[in-house]
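Undergrad: Following is a predicted model, sequence given first.
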Amino acid sequence: ELGRVSSEALQLLRTVRALNAEDLHRRLFQRQNDIINDTQRQRGVALGVFSAASNGLGVLLQMVTLLIGTSAVLAGSMTAEALAT
């Protein structure tokens, strides 16, 4: 199988050279690489935004919970022990 694939690749390379189409194929290859790079970059940005949002919401929820609990302790409607458990 590997021999067949490499033989086919060499034959295609000879065909490209025989047709004097190396520059065309280089440009096509570069265009595809640019598209793939842009897509990967967009996915990376989206993942970063998602991670920041999901982690940030968790921290925000903890802060709000502590703020409400602290307010209840200071107001005397809850003990510090009840807040800790």
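TA: Thanks, I have it.

Undergrad: Would you state the helices of the chain in chain order?
TA: Applying DSSP state H to the chain gives helices spanning 2-18, 22-75, 80-84.

Undergrad: which secondary structure elements does the second one contact?
TA: Read that as helix 22-75. helix 80-84 (3 or more Cβ pairs under 8 Å, 6 or more residues apart in numbering; DSSP states H and E). C-betas here are computed from N, CA, C, even on glycine.

Undergrad: repeat for the first one
TA: Packed against helix 2-18 by the contact rule (3+ Cβ pairs under 8 Å, 6+ apart) you find no helix or strand.

Undergrad: tilt between it and helix 22-75?
TA: 120 degrees (axes from the mean of the first three to the mean of the last three Cα atoms, to 10 degrees).

Undergrad: Report the mean confidence score over helix 2-18.
TA: Averaging pLDDT along helix 2-18 gives 85.

Undergrad: next one: the shortest one
TA: Averaged over helix 80-84, pLDDT sits at 83.

Undergrad: Need the residues that contact that helix.
TA: 69-70, 72-73 (Cβ atoms under 8 Å, 6 or more residues apart in numbering).

Undergrad: Which positions in that helix come out as buried?
TA: Residues of helix 80-84 include none that count as buried (16 or more other Cβ atoms under 10 Å).

Undergrad: Mind telling me which residue is nearest the centre of this protein?
TA: Gly44 (3.1 Å; Cα atoms, centre = their mean).

Undergrad: show me what contacts that residue?
TA: Contacts of Gly44 by Cβ under 8 Å, 6+ apart: none found.
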